[in-house]
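**Student:** Any chance you can model this:
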Amino acid sequence: MPNRASKGRKIFIMKKNYFYLFEIVLLAMLSIAFVSCGDDDEEVADDVDTTPITMIAGKDKVITGADTISTSNRFVAYGTKNTVHAWHVGEATLLVNGKKSIKITVDPLYYLYDDPICMWGCSMDYVKQNQKQGKINSKSTSNILIYDNAGGATLLAYSFENDKLVSVMTFVSTNHTSTLADYLGERYLLLPMYEGDKTRFFGMDALDTDDAKTSVLMDLADTKTWTVFYTNAQKTTRSNISNSKIKEDLKALLVQ
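**Tutor:** Have a look, this model is predicted:
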């Protein structure tokens with residue numbers, strides 16, 4: 001008969017083998033759990049709907065399955081965790097979770113008048129072919145093309161040098177002040193300019209001057225009329241747009 005010591009060694013060995021087996025099973029279970037978690041992460045990324053989206057400026061949208069959202073153009077739209085914020089009119093590409101691309105178009109809520117043609121350097125004929133609102137005013141010349149009643153703008157004028165578009169100006173009634181501010185705010189980053197007791201609003205269609213194409217200046221012509229002056233952002237600063245001779249010449253012509 002085996003003695004007690006022999007039995008004890010056998011029991012110890014059996015327990016030791018049992019614990020080894022238990023550890024192996026536990027490691028296997030943990031491995032499966034980690035693989036499952038990895039698969040879930042992939043499924044989350046794969047669950048992101050990449051269908052192009054259209055939003056109204058100023059609105060937010062939750063992207064299902066998103067943990068992070070980056071954008072190709074923060075002026076148009078930007079992300080916070082799983083939510084995209086539509087900021088200004090335009091188009092951009094969202095990158096969700098660093099993997100999935102979604103095209104986004106931000107449309108305006110306000111349509112005071114059709115966006116003027118701001119293709120700097122284009123010809124007068126091009127503007128005539130593409131300006132749909134308003135009727136050509138008899139004051140138009142070889143360098144200035146004027147339209148009456150272009151949507152909510154009582155006057156819209158295109159200015160040319162050597163048959164190349166250099167600026168645009170609209171005249172809008174102060175009855176539309178709130179709508180005009182919202183209309184421009186959806187399309188441009190507007191900032192106040194203080195000059196003595198006078199306040200003007202300068203804006204551009206980008207966050208960075210290097211990326212901007214158009215600059216605008218919203219200014220009171222008189223107690224009844226706002227003017228909005230559009231020009232090439234790459235040839236304009238906040239100071240020189242305020243003192244632009246073209247702007248003043250246009251204003252003098254149109255208020256006659």
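
**Student:** Asn149 should be in a strand, yeah?
**Tutor:** Yes: checked against DSSP: H, G, I helix; E, B strand; the rest coil, Asn149 lies within a strand.

**Student:** right, and it touches Lys135 too?
**Tutor:** Yes: between Asn149 and Lys135 there is a contact at 6.8 Å, judged by Cβ atoms under 8 Å. Every residue, glycine included, has its C-beta placed from N, CA and C.

**Student:** what about these two, which has more around it?
**Tutor:** Asn149 (14 against 10; other Cβ atoms under 10 Å).

**Student:** ok, that one - contacts?
**Tutor:** Shown in contact with Asn149 (Cβ atoms under 8 Å, 6 or more residues apart in numbering): 133-135.

**Student:** same thing but at 7 Å, please
**Tutor:** Applying Cβ atoms under 7 Å, 6 or more residues apart in numbering to Asn149 gives the contacts 134-135.

**Student:** Same check on Gly90?
**Tutor:** Gly90 neighbours (Cβ under 7 Å, 6+ apart): 73, 75-76, 106.

**Student:** let's see it at 10 Å
**Tutor:** By Cβ atoms under 10 Å, 6 or more residues apart in numbering, the residues touching Gly90 are 57, 73, 75-77, 104-108, 186-187, 205-206.

**Student:** Quick one, which of these are buried?
**Tutor:** Using 16 or more other Cβ atoms under 10 Å as the burial test, these include 57, 73, 75-77, 104, 106, 108, 186-187, 205-206 as buried.

**Student:** Identify, from these, the entry nearest to Thr50.
**Tutor:** Ile104 (11.2 Å; Cβ to Cβ).

**Student:** Sticking with that closest one, tell me its helix or strand.
**Tutor:** For Ile104, the enclosing helix or strand under DSSP states H and E is strand 100-107.

**Student:** Parallel or antiparallel, list what pairs with that strand.
**Tutor:** strand 53-56 (parallel), strand 90-96 (antiparallel) (DSSP bridges).

**Student:** could those strands be laid out in JSON lines, adding mean pLDDT and distance to Val216?
**Tutor:** Output for the strands paired with strand 100-107, formatted as JSON lines (pLDDT from 0 to 100; distance: least, Cβ to Cβ, whole Å):
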{"stretch": "strand 53-56", "mean pLDDT": "98", "distance to Val216": "21"}
{"stretch": "strand 90-96", "mean pLDDT": "97", "distance to Val216": "15"}
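
**Student:** for these, which one ends up most surrounded?
**Tutor:** strand 90-96 (a mean of 19; mean count of other Cβ atoms under 10 Å).

**Student:** Please identify the buried residues of stretch 100-120?
**Tutor:** Buried residues in stretch 100-120 (16+ other Cβ under 10 Å): 100, 102, 104, 106, 108, 110, 112-114, 116-118, 120.

**Student:** May I have the phi/psi pair for Asp182?
**Tutor:** When read as degrees, to the nearest 10, the backbone of Asp182 gives phi -70, psi -40.

**Student:** Please disregard the earlier target; I meant Asp125.
**Tutor:** In terms of degrees, to the nearest 10, the main-chain angles of Asp125 are phi -60, psi -40.

**Student:** wait, doesn't it sit right on Tyr158?
**Tutor:** No: look at Asp125 against Tyr158 with Cβ atoms under 10 Å: they stay out of range, at 11.5 Å.

**Student:** between these two, which one's more packed in?
**Tutor:** Between Asp125 and Tyr158, Tyr158 has the larger neighbour count (other Cβ under 10 Å), namely 25 against 9.

**Student:** can you pull the contacts of that one?
**Tutor:** With Cβ under 10 Å, 6+ apart, Tyr158 has these contacts: 116-118, 122, 124, 127-128, 131, 140, 143-147, 165-169, 230, 250.
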